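Engineer: here's my sequence, what's the structure:
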Amino acid sequence: VQLVESGGGFVQPGGSLRLSCAASGFTFSSFAMRWYRQAPGKERELVASMSSVGSSINYANSVKGRFTISRDNAKNTVYLQMNSLKPEDTAVYYCNAFRRRFGNDDDYWGRGTQVTVSS
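Structural biologist: Got it, this is the predicted structure:
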């Protein structure tokens, strides 16, 4: 199982980035996909989530209206479009795949990609 994030980097406030997470080794279309982030000295927080078929989408209040999660089940990839970035968005962003089936949880994580928002 692999989740590989990409697209992070350094951007000025107000700028945009698009994160990608390429998945392999499991049935991607059966899993809910989530983006988390963790800033220095803070706990990991859920940023955005999308159900396996894309019918349910949720965002943290801090990113609503600025971030958009999407997925391409044909490409086994989930995306996070981040617009109007703020310094407080600076964090390591992690991709997560989650499925609960027959009382068991399957929970996979990527290694993260750094996003730095600064002038």
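
Engineer: so what's Leu17 bridging to?
Structural biologist: In this entry, Leu17 is beta-bridged to Met82, by DSSP bridges.

Engineer: quick check: it touching Val11?
Structural biologist: Yes: Leu17 lies in contact with Val11 (C-beta atoms under 8 Å); the separation is 5.6 Å. Every C-beta, even on glycine, is put in place using the N, C-alpha and C of the backbone.

Engineer: shared neighbours, those two?
Structural biologist: Taking C-beta atoms under 8 Å, 6 or more residues apart in numbering as the contact criterion, the common neighbours of Leu17 and Val11 are Leu85, Val115.

Engineer: who has more neighbours, those two?
Structural biologist: Leu17 (21 against 17; other C-beta atoms under 10 Å).

Engineer: pLDDT value on Leu3, please?
Structural biologist: What the model reports as pLDDT for Leu3 is 98.

Engineer: er, Gly110 actually
Structural biologist: Per-residue pLDDT puts Gly110 at 98.

Engineer: which residues touch it?
Structural biologist: If you count contacts by C-beta under 8 Å, 6+ apart, Gly110 has them with Gln2, Leu3, Val4, Glu5, Cys21, Tyr94, Cys95, Asn96.

Engineer: can you check Ala48 too?
Structural biologist: By C-beta under 8 Å, 6+ apart, the contact set of Ala48 is Arg34, Trp35, Ile57, Asn58, Tyr59, Ala60, Val63, Phe67, Thr68, Ile69, Leu80.

Engineer: can you name the residues bridging to it?
Structural biologist: With DSSP bridges as the criterion, Ala48 is bridged to Trp35, Tyr59.

Engineer: when you give positions from now on, start the count at 94
Structural biologist: That works, and once the first residue is 94, the last one we named lands at Ala141.

Engineer: what about it, distance to Arg130?
Structural biologist: Distance of Ala141 to Arg130, computed by C-beta to C-beta, to the nearest Å: 10 Å.
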